[in-house]
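> I'll drop the sequence and a predicted model, then ask my questions.
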Amino acid sequence: RAKPLESGGKGHPKICISVRKRPISDKERRRKDHDSVTCLHPVVWVHSAKLRVDGITKYLDHNSFCFDYSFDEKSTTEDVYRHSAMPLVEFLCCGKG
């Protein structure tokens, strides 16, 4: 069950930030593109292919971003709704918003 909206101070509800990764397309697979995003809830890693100063040596640079919820390519629309939209709908239907 999704968490109810929490107070973000001064009686206002907390804003929830969510991100959903899309699956790699068939076109991207045919081009042998690398999967540049990894979701390990609640952290999302972005992998960027780079070249060293020598212009020859390749490496991956990894940057992480933290969200309230992160959904990988296997997550269903129901999962996203249950954790991201349902608490907001319940909040609004209770007359609080």
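Received it, and whenever you're ready, just let me know what you need. Residues are numbered from 1 along each chain as shown.
> and the nearest residue to residue 16 once chain neighbours are set aside, what does it touch?
In space, and not counting its chain neighbours, residue 16 is closest to residue 68: 4.6 Å by CB to CB, 6 or more residues apart in numbering. (Glycine included, C-beta is placed from N, CA and C.) By CB atoms under 8 Å, 6 or more residues apart in numbering, the contact set of residue 68 is 16-18, 42.
> please report how far residue 43 lies from residue 33.
22 Å (CB to CB, to the nearest Å).
> and what of residue 26?
Distance from residue 26 to residue 33, by CB to CB: 11 Å.
> ok, longest helix in the protein?
With secondary structure taken from DSSP state H, the chain has its longest helix at helix 86-93.
> restricting to C-alpha, output that one in PDB.
C-alpha atoms of helix 86-93 as PDB (Å, rounded to 0.1, in the frame of the first residue of the first chain):
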ATOM      1  CA  MET A  86      -2.900   7.000  -5.700                       C
ATOM      2  CA  PRO A  87      -1.800   8.900  -2.500                       C
ATOM      3  CA  LEU A  88      -2.500  12.200  -4.400                       C
ATOM      4  CA  VAL A  89      -5.900  11.000  -5.500                       C
ATOM      5  CA  GLU A  90      -6.800   9.900  -2.000                       C
ATOM      6  CA  PHE A  91      -5.500  13.200  -0.600                       C
ATOM      7  CA  LEU A  92      -7.700  15.200  -3.000                       C
ATOM      8  CA  CYS A  93     -10.800  13.000  -2.500                       C
END
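> residue numbering should commence at 39 henceforth.
Sounds good: first residue 39 from here, last item helix 124-131.
> for it, buried residues please.
Across helix 124-131, burial judged by 16 or more other CB atoms under 10 Å covers 124-125.
> report the distance from it to the chain centre.
21 Å (CA atoms, centre = their mean, to the nearest Å).
> tell me the helices and strands packed up against that helix.
Packing contacts for helix 124-131, counted by 3 or more CB pairs under 8 Å, 6 or more residues apart in numbering; DSSP states H and E, involve no helix or strand.
> any idea of the mean pLDDT in it?
For helix 124-131, the mean pLDDT works out to 85.
> gap between residue 127 and residue 109?
Separation of residue 127 from residue 109 (CB to CB): 18 Å.
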